[in-house]
Every structure is written in structure tokens, then in C-alpha cells.
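Colleague: Sequence first, predicted model second:
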Amino acid sequence: MAIRIYKPTTAGRRNASVNTHEEVTKTSPEKSLTRPLPKKGGRNHSGKITVRGRGGGHKRRYRIIDFKRKQLRGKVATVIGIEYDPNRSCHIALLEFDTTDPSGNAIKKRCYIPAPAKIKDGQKLLTSETPVDPQPGTSMPIKHIPTGLNIHCVEMQPNKGAQLGRSAGASIRLANKEGRFATLIMPSGELRQVSVDCWATVGEVGNSQHARRRLGKAGKSRHLGRRPTSRGVAMSHDAHPLGGGEGRSKGGRAPVSKSGTPSKGGSTRNRKQYSSKLIIRRRKSKRYGQLR
């Protein structure tokens, strides 16, 4: 099993569970596909904290992921290994494919992609601009993918790179295709449209057991770079919109962040964005069965 529960030998171990990462077959990253990842501590370019509760954590290197798979188009790539990536919830797959250098000499090149579920070392993955057999891990434009299949790493605009369905265990159902647009059923229940010229990958993302892991103790949160946070209602009235009041108070307003942005289900979507016009049903209306 992917999630392992140990005997409660300590207080921290009692409530913790561990992801065994059974899919991982390669322990060290490809050095040519990594770069330094300096820590920001939740601060922007001017040094102001824009994301609270960030800091510390283990040192990481960023793995360069090919979300466009542009250099793979029309080629058959071989899975060299599946690796753990500390920067994302899903595993990543190292692919090797044949190409040519500027002088025209045949060379082998490597790249990373989010690892689809159930792929193995030595497996061949195809990236094609024409209709091919939709095997898990095959990438092609949505107009060539049969309806009813689960897909992931979906583009929102053609050739922009995958933006939807990239986290561990994510899969999007391709409901139908009509004219220039395809209708997708998102994991949240949202119904939205994207252009049929957008690329997607068949299947679902691997490491689906990631969400079942329990940290069990504060030390693991600090290891991930998460610092302790105080509740807004426990602060003073000048430190947080929910602060102040006599004794224990509920804040007197809807849950918000320190900057006043709605939280815990509050709507933060910019309805003037172009992509908002392509949403048929929002995720909130799933429970009511209404179209919004």
C-alpha cells in the first residue's frame, strides 16, 4: 500500500502516516534539469510579507518541467525513471527521446513531465499532433481525444502549457466537443470550456494517495517550510479585521485574511477575466444542482 501507518511508539508517530512513494524508481534528480530555488519567506520583490506563515524548511532545487511537451511533439519518448519532486504533490517522470543538435547530429535529450498514473520504466510515451491510440500518458490536442476519457495537464489556451489537472491524483473528464470548444468536468464539479486546439494528456496524474498522508506533528510542517499561524480572532483589532472585541468574539464579519480577502469559501475569482466567460457551472452550484 502507498500509505503506511506505524505503531504509535511516540506521540508524533501516533497520528502520523507515511507515503511510501511506491511509484518512485529513481532517487537522484537529473542535474541538467534542475536549478537553484532561493527561499523567499513569503516576501515579494520589495521585502514585504505577502504570504504569511512561510519560512524555514528543507533546502530544495527546482526541477524544470516541460508542461508544453513542445520538443516531444511527433516523437516517441522512453520513461527513464520516476522521481519524487519536493516542489509539487505529484511525482515526475524523466523521459529520453531522440533529436538533433544545430549541426544536424543525432543526440539523445531528456526532460521532465508530471508522471501519469500506472506508467513504468521503459514504457514508450507518444506526443502527437495527429490522432493516435489514446493510451495513458499520450499527449495530443483535445480535438483528437475521444470523449468520455479522463485527461490531465490541460491547457487553457493553445500552446500556453498545461495549467489544469497537474496535482497528484487529478483527472478531468472530457464530457463533449462542440464546434471550437470542448466541455470539461473538473474535479471540483465545475463545468468549463476550453478550445479543442488545447493540448492534454490521457489518463490521470499519479501519486493519488498523497492526500491521505497525515503529518502527525508540527515538526513535519516546519520541514515543509510552514511556520505557525495565529488565528485572526485572537489578534488585536489593529492587526487583523477579525481581531479585537471583549473576551472571545467571532469577529463580527465574514471570514477574511489579514488584507480583507474573503477566505473559507469566499469568492475571489475575477469575473472580468476571459476564462470566466467559459465557465458553464461553478463548483459552488454542484451541491444545489443549479447552473450559474
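Modeller: Okay, I see it. Numbers count the residues shown, from 1 in each chain.
Colleague: gap between Glu246 and Gly252?
Modeller: Separation of Glu246 from Gly252 (Cβ to Cβ, to the nearest Å): 11 Å. Where you see a C-beta, it was placed from the backbone N, CA and C, and this is true even at glycine.
Colleague: Looking at the two, which is more packed in?
Modeller: Higher neighbour count among Glu246 and Gly252: Gly252, with 10 against 5, using other Cβ atoms under 10 Å.
Colleague: going on from the longest helix along the chain, what's the next piece of helix or strand?
Modeller: Longest helix in the chain, counting residues (DSSP state H): helix 218-223. Going down the chain from helix 218-223, the next helix or strand is strand 279-281, by DSSP states H and E.
Colleague: Quick check: mean pLDDT of stretch 262-271?
Modeller: Stretch 262-271 shows a mean pLDDT of 82.
Colleague: for it, how far is the first residue from the last?
Modeller: In stretch 262-271, first residue to last residue: 15 Å (Cα to Cα, to the nearest Å).
Colleague: Determine how far it lies from the middle of the whole chain.
Modeller: 20 Å (Cα atoms, centre = their mean, to the nearest Å).
Colleague: before we move on, back to that, identify the residues contacting the longest helix of the chain?
Modeller: 12, 16, 56-58, 215, 228 (Cβ atoms under 8 Å, 6 or more residues apart in numbering).
Colleague: Could I get the buried residue list for that helix?
Modeller: Buried residues in helix 218-223, defined by neighbour count with 16 or more other Cβ atoms under 10 Å: Ser221.
Colleague: Using PDB, write out every CA atom in it.
Modeller: Extracted in PDB, the C-alpha atoms of helix 218-223 (Å, rounded to 0.1, in the frame of the first residue of the first chain):
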ATOM      1  CA  ALA A 218       4.400  20.200  13.900                       C
ATOM      2  CA  GLY A 219       8.000  19.300  13.100                       C
ATOM      3  CA  LYS A 220       7.000  18.000   9.700                       C
ATOM      4  CA  SER A 221       5.100  21.200   8.900                       C
ATOM      5  CA  ARG A 222       8.300  23.200   9.700                       C
ATOM      6  CA  HIS A 223      10.300  20.800   7.500                       C
END
